[in-house]
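J.: okay, sequence plus prediction incoming.
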Amino acid sequence: MTDLSSAECKFCHTSPCRVWKLRWPVFRHLDFTDVAASGYVIECDACGAVAAADFDRVAAVHHGFLHGAEYLAAAPTAHVVRGGGSADTRPARQADWITRHLAESGVANPRVLDVGCFDGALLRELFARCPAALRLVGFDPNPDVAGWFPKEQPFEFHASLASVEGDNHPFDVIIASHSLMYDCHLPETVAILAKLLSWNGLLILMMPDIARNPPYLLMGDQYWFGVPEYLTRMLRQHGIASTLGSVEDWGHDLVLLASATMPPSRLASPDLVTPHMPSILASLDESARRLRSLPSRGPGYHVLGRTANAAFAAAILGDRCIGFVDEALPQGQSRLFRGLPAMPPANLFESRHTSGIVLCYGDRNDPMSRRLLHYGAALFST
Ligand SMILES: [Zn+2]
């Protein structure tokens, strides 16, 4: 058994770092099923890195599915983000944003690299908007996804970042969306990306933000967790300054927009390290308390979404959670999530078999909540 009391920071190698035990089940991102009854996370006082305390445990979770049939059988990327009235996918939103950025930068024939491209959804969306693109390169460590990736020019697929050609800083935009937290060699990967980014190019790094979305601390298959301090420091070591993306543009993810030509941001000071763990753990504790105090009446609760937030609420509710509600599902269709049915709201309200809908870290005023209230839902916020 690994001695967790002597955990070392995986980024700056300060030792010992404080180890936090998570008192809740931890999940894997493939289907948000539990992979362990608890997890261990370190937060480095020196550089602000938040990472799994034991990379071997995380690697064991990955080993089970990353290159297996289960991973390939997962539904292709259809991450749905909150829209102003209708469901919208994350790749479409990202492609819109990148297209605007390229137009404002005067880049007519862009070269774009997508790190963790999976089936190429984002690059397809970009091609639809920028048919004059010179190179649309996808990298994914799983070579089996190449079968889904477009074959024609200007698309290129690489299963190794080292095989992406271009010694001369070839990419105008590099995006790493929800991929680098699964990379145990993150510092080395960022060094490669710095060499692939053109001098005035833009690197977009996205991860779940554990300060805004505390349940994402419970991902048992992430090596790294999203807080700005150490990521900013990592980029700066390669001469790349970064700034935080806005919630309006990118939703509640942590987004760092980084470029060698960007003026240094307020995040660039090496002395500014904000401890995040105490407030995140307190927030999870408070949510768990509220979930446990929901009234015991009726058939049981449905939880909104198929995310870490939903998995956390379901884990706390135990057998009082009887299913999930997901606006992104087509009418009349249901899916299994953590072994329970997930269905679109209309189907749930036809059946009327629920004690109410739980919004874990949801906002009763956001457009999705307002649409659920329109159906006459009993909503419970945590
Ligand atoms: Zn550190």
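T.: Arrived safely.
J.: so who does P263 touch?
T.: By Cβ atoms under 8 Å, 6 or more residues apart in numbering, the residues touching P263 are A241. Just so you know, the C-beta spots here come from the backbone N, C-alpha and C atoms, and that holds for glycine as well.
J.: per-residue pLDDT of it, please?
T.: P263 carries a pLDDT score of 75 in this model.
J.: and what of A60?
T.: We note a pLDDT of 89 for A60 in this prediction.
J.: doesn't it belong to a strand?
T.: No. Counting by DSSP: H, G, I helix; E, B strand; the rest coil, A60 is not found in a strand; it is helix.
J.: how many residues are close by it?
T.: By other Cβ atoms under 10 Å, the residues close to A60 number 14.
J.: for A191, same thing?
T.: Using other Cβ under 10 Å, the number of residues around A191 comes to 13.
J.: tell me the SS of it?
T.: Following three-state DSSP, we place A191 in the helix state.
J.: wait, what's in contact with it?
T.: Contacts for A191 (Cβ under 8 Å, 6+ apart) come out as H238.
J.: likewise the one 10 residues further on?
T.: Under the criterion of Cβ under 8 Å, 6+ apart, the neighbours of G201 are H169, F171, D172, V173, I174, S259, A260.
J.: can you check T307 too?
T.: Contacts for T307 (Cβ under 8 Å, 6+ apart) come out as F32, P215.
J.: how near is the residue of the stretch 101-250 of the chain found nearest the ion to C12?
T.: Taking Cβ to the ion, the ion has its nearest neighbour within the stretch 101-250 of the chain at Y230, 6.4 Å off. According to Cβ to Cβ, to the nearest Å, Y230 and C12 sit 8 Å apart.
J.: do I175 as well
T.: Taking Cβ to Cβ, one finds I175 at 26 Å from C12.
J.: compare the two (neighbour count), which wins?
T.: Counted by other Cβ under 10 Å, I175 and C12 do not tie: I175 has more neighbours, with 25 against 17.
J.: and that one, what pLDDT?
T.: pLDDT recorded at I175 is 98.
J.: residues in contact with it?
T.: Shown in contact with I175 (Cβ under 8 Å, 6+ apart): Q94, I98, V112, L113, D114, V115, L122, L203, I204, M206.
J.: so it bridges to which residues?
T.: D114, I204 (DSSP bridges).
J.: for the one residue in the stretch 51-200 of the chain that gets nearest to the ion, helix, strand, or coil?
T.: Using Cβ to the ion, the single residue of the stretch 51-200 of the chain nearest to the ion is A51, 8.7 Å away. Three-state call for A51 (three-state DSSP): strand.
J.: give me the distance between I210 and H158.
T.: For I210, the distance to H158 - Cβ to Cβ - is 30 Å.
J.: if you could redo that for L372, that was the one I meant.
T.: From L372 to H158 the distance is 42 Å (Cβ to Cβ).
J.: which intervals of the stretch 201-350 of the chain have sub-threshold pLDDT?
T.: Counting by pLDDT under 70, the stretch 201-350 of the chain shows low-confidence ranges at 264-272.
J.: what ranges do the strands span in it?
T.: All strands of the stretch 201-350 of the chain, identified by DSSP state E, counting those that start in this stretch, fall at 241-244, 253-259, 301-304, 321-325, 335-337, 340-343.
J.: which of these has the highest mean neighbour count?
T.: Highest mean neighbour count among the strands of the stretch 201-350 of the chain (mean count of other Cβ atoms under 10 Å): strand 301-304, with a mean of 27.
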